[in-house]
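Student: Got a predicted structure here, sequence first:
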Amino acid sequence: MFPTTRFFLADPSAAMLAIATEKLRGRDRGQVMAESTAEELRFPESADVVTAIQSLHYLDAEERKASVQNCYRQMNGGGVFITFENIRPLTEMGTEIGKEYWRRYEVEAGKTEEDARKHVQRFGVEFFPITIEEHLDLLRGVGFRVVEVLWYSYVQAGFYCIK
């Protein structure tokens, strides 16, 4: 569809890069892969589109800000940043409702009840979601001129930003 598009994929996990390599096998478009965190990442050239999918919620506030700033710095003017993240609802009750819907989804998707429960229990322990408002403040504070909520459902949200 986009024959001249080049992809630069990065992940701090070598195992995740191996999965990406396997999924892209036979579809080589000159992609470059790097084992790196978003805050340390250096693109080989400036980018028109940068995505960060389900990664920022593993970072503390300083790391999250440094990662988004780094992505912003390496983007072309008018470039688009898209991120989908686990988010923290505004109230404790909203968080509990969201976690219950998430658990049910996991079971419906094939996880055992025990595995789904363990997965959801990581919320606030192994990963640290922030509210939609905190995401919007972070993205605006980095310098994006357009910051919008793209999608929202219980404990996940997507955002798009334009530099």
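Tutor: Received the coordinates, thanks. Numbering: from 1, shown residues only.

Student: Whichever strand in the chain runs longest - contacts with which helices or strands?
Tutor: In the chain, with assignment by DSSP state E, the single longest strand is strand 75-86. Applying 3 or more C-beta pairs under 8 Å, 6 or more residues apart in numbering; DSSP states H and E, we find strand 75-86 packed against strand 47-53, helix 61-73, helix 132-142, strand 156-162. (Glycine included, C-beta is placed from N, CA and C.)

Student: Figure out which of the ones you listed is closest to Ala109.
Tutor: Ala109 lies closest, by C-beta to C-beta, to one member of these: strand 156-162, at 13.9 Å.

Student: What pairs with the closest one, parallel or antiparallel?
Tutor: strand 75-86 (antiparallel), strand 146-153 (antiparallel) (DSSP bridges).

Student: Please report the distance of the residue nearest to Val80 when sequence neighbours are not counted from Val146.
Tutor: Counting by C-beta to C-beta, 6 or more residues apart in numbering, Val49 is the residue found nearest to Val80 once chain neighbours are left out, at 5.0 Å. According to C-beta to C-beta, to the nearest Å, Val49 stands 14 Å off from Val146.

Student: The longest strand of the chain relative to helix 61-73, how many degrees between them?
Tutor: Per axes from the mean of the first three to the mean of the last three C-alpha atoms, to 10 degrees, the angle that strand 75-86 makes with helix 61-73 is 140 degrees.

Student: Need the residues that contact the next helix or strand after strand 75-86.
Tutor: Going down the chain from strand 75-86, the next helix or strand is helix 92-108, by DSSP states H and E. Residues from elsewhere that reach helix 92-108, judged by C-beta atoms under 8 Å, 6 or more residues apart in numbering: Arg88, Pro89, Glu113, Asp115, Ala116, Arg117, His119, Val120, Phe123, Tyr154, Val155.

Student: roughly how far apart are the spatially closest residue to Val155 that is not a sequence neighbour and Ile132?
Tutor: In space, and not counting its chain neighbours, Val155 is closest to Gly98: 3.7 Å by C-beta to C-beta, 6+ apart. With distances taken as C-beta to C-beta, Gly98 is found 12 Å from Ile132.
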